[in-house]
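J.: this one's sequence-less:
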Ligand code: UD1
Ligand code: CA
């Protein structure tokens with residue numbers, strides 16, 4: 001019913017980031033900044049979204065695909081940047097949201113409020129998202145009258161009185177698509193920076209007799225990222241949100257400020273998370289899972305009532321089934337640990353299946369790599385792997401088999417068998433005492 005489109009400005013080089021990576025690809029909570037914006041836009045379901053990129057930013061185009069990108073070959077200002085989307089939005093007569101690629105914390109709720117304000121009875125041509133930063137710095141200032149928003153004045157072009165205004169331009173706008181490109185065409189560059197300012201469309205719309213309006217947002221969600229330090233500040237904001245969301249969803253976090261989530265982390269109910277736990281991208285945790293302190297989890301699924309850690313590491317492709325236990329100093333990669341299996345101490349499981357209820361002794365290593373290829377280890381249901389065992393893949397341990405401690409197993413073991421590889425146990429009574437006596441005589445040491 002309410003048609004929206006979006007333009008994301010991402011042509012900035014981000015020179016202050018001092019990075020080979022385009023600024024908008026820097027991740028927050030494991031997801032590039034530009035992807036956060038695209039995700040937030042989901043709330044207003046834009047029928048078209050166009051990303052404006054600069055020269056040499058193919059990596060941004062790849063990341064936002066299938067969304068189209070348009071190239072702003074020369075950086076002539078924010079109005080010029082939006083104008084590049086003219087062809088892509090030709091004939092669009094709904095509301096166009098304009099977002100900045102380096103302002104990634106904007107919430108779906110705020111975008112929804114912007115679109116709603118655009119559709120208010122006064123039919124404002126431009127709705128600007130304003131905010132009141134603690135330090136208004138060099139932001140554009142919003143000049144309001146009882147009739148609404150009159151103009152935006154860039155800091156460099158502002159008078160002392162105008163600079164005293166606390167209400168600032170976040171840059172985010174919702175514009176009537178029927179007039180946006182006509183307004184942009186009327187913007188000139190006779191100003192302090194010699195740029196085509198997007199902000200000029202407000203005064204131009206007022207001159208056409210159209211209303212303009214302000215929606216206020218929280219300063220926190222309009223934080224712009226121009227440096228690594230601001231990136232860290234934005235990360236802190238996003239982590240705060242993700243921790244709140246986890247707790248609202250029914251997870252217990254004993255020390256929330258030490259837990260780091262990815263934007264896509266999925267938690268069931270009654271998950272308990274100890275201190276210093278990090279979730280990389282692609283993690284799904286089932287109901288009632290207990291994650292003790294200092295775990296690092298990435299690209300992994302953990303089913304209901306499993307327990308992890310302390311100090312467990314799950315790498316991509318780890319699938320821990322219901323009720324399984326993964327204990328301290330255990331690393332699991334690309335492996336299924338089936339229902340009720342236990343891998344409790346000092347172990348590496350890679351490219352393997354650990355059958356249901358199997359018990360993996362301390363210090364077991366799957367030797368999955370020979371310097372060239374990766375090989376599979378299969379451990380059957382109910383098997384018992386003695387401590388300090390090396391399983392040299394490809395190898396298969398039958399269901400119910402027992403492997404003696406300290407073995408190196410390079411051949412398949414049939415179900416219910418005992419397999420062990422050990423040197424003979426040799427004892428020489430009194431040898432140690434004789435050795436010491438001899439050495440003391442020889443060296444004069446005690
Ligand atoms: C802009 C606003 C200012 C606002 C501030 C909020 C204008 C004229 N001013 O100022 O009122 O308070 O943002 O942060 O709009 N970009 C392009 N192509 C260009 C120029 C910019 O894609 O030719 C992109 C940049 O990559 C950036 C965004 O637009 O993501 C803002 O550009 P920037 O030059 O940082 O604008 P400000 O001077 O900060
Ligand atoms: Ca800026």
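T.: The structure has been received and is ready for your questions. On a predicted model such as this, the values are computed, not experimentally measured, just so you know. Ligands and ions are numbered 1, 2, ... in the order given.

J.: Remind me what the helix or strand containing residue 37 packs against, helices and strands.
T.: Assigned by DSSP states H and E, residue 37 falls within helix 33-41. On a contact count with 3 or more C-beta pairs under 8 Å, 6 or more residues apart in numbering; DSSP states H and E, helix 33-41 meets strand 4-10, strand 48-53, helix 58-64, strand 95-100, helix 108-118. To be clear about C-beta, it is placed using only N, CA and C from the backbone, and glycine gets the same treatment.

J.: Provide the strand pairings for whichever helix or strand comes after the longest one, with the direction of each partner.
T.: What it means is helix 108-118. Counting by DSSP H and E, the element after helix 108-118 in chain order, helix or strand, is strand 126-131. Strand 126-131 pairs in its sheet with strand 168-176 (antiparallel), strand 212-216 (parallel), by DSSP bridges.

J.: rewinding a little: ok, and does the helix holding residue 37 reach over to ligand 1?
T.: No: Helix 33-41 does not reach ligand 1 (C-beta under 6 Å from any ligand atom); its nearest approach is 9.9 Å.

J.: Spell out which residues of this structure are next to ligand 1.
T.: So far as C-beta under 6 Å from any ligand atom goes, the chain lies against ligand 1 at 9, 11-12, 52, 72, 75-78, 80-81, 100-102, 139-140, 152, 154, 168-171, 197-199, 224.

J.: still on that earlier bit, going by neighbour count, which residues of the helix holding residue 37 are buried?
T.: Neighbour counts over helix 33-41 (16 or more other C-beta atoms under 10 Å) mark 33, 34, 35, 36, 37, 38, 40, 41 as buried.

J.: Not counting residues beside it along the chain, what's closest to the fourth one?
T.: Okay, so that is residue 36. residue 104 (4.2 Å; C-beta to C-beta, 6 or more residues apart in numbering).

J.: isn't residue 76 right next to residue 197, touching?
T.: No: at 10.3 Å, residue 76 does not count as touching residue 197 under the criterion of C-beta atoms under 8 Å.

J.: Can you pull the residues that touch both of these two?
T.: By C-beta atoms under 8 Å, 6 or more residues apart in numbering, residue 76 and residue 197 have these common neighbours: residue 189.

J.: Compare these two (neighbour count), which wins?
T.: For residue 76 versus residue 197, the count of surrounding residues by other C-beta atoms under 10 Å is larger for residue 197: 22 against 15.

J.: dump the residue contacts of that one.
T.: If you count contacts by C-beta under 8 Å, 6+ apart, residue 197 has them with 77, 78, 79, 152, 154, 187, 189, 191.

J.: again with residue 188
T.: For residue 188, counting by C-beta under 8 Å, 6+ apart, the contacting residues are 196, 200.

J.: and what of residue 211?
T.: By C-beta under 8 Å, 6+ apart, the contact set of residue 211 is 122, 123, 124, 125, 147, 148.

J.: So for the last one, what's the pLDDT?
T.: What the model reports for residue 148 is a pLDDT of 96.

J.: isn't it right up against residue 215?
T.: No: in this structure, residue 148 is not within contact of residue 215 by C-beta under 8 Å, at 11.2 Å.

J.: which of the two has more neighbours?
T.: Neighbours were counted for residue 148 and for residue 215 using other C-beta under 10 Å; residue 215 has more, 21 against 16.

J.: Which member of the contacts of residue 211 is positioned nearest residue 443?
T.: If you rank the contacts of residue 211 by distance to residue 443 using C-beta to C-beta, residue 124 comes first, at 94.7 Å.

J.: What separation is there between that closest one and residue 221?
T.: In this view, residue 124 and residue 221 are 21 Å apart by C-beta to C-beta, to the nearest Å.

J.: likewise residue 325?
T.: According to C-beta to C-beta, residue 325 stands 41 Å off from residue 221.

J.: tell me the domain boundaries of this structure?
T.: The chain breaks down into these domains under automatic domain parsing: 4-222, 228-419.
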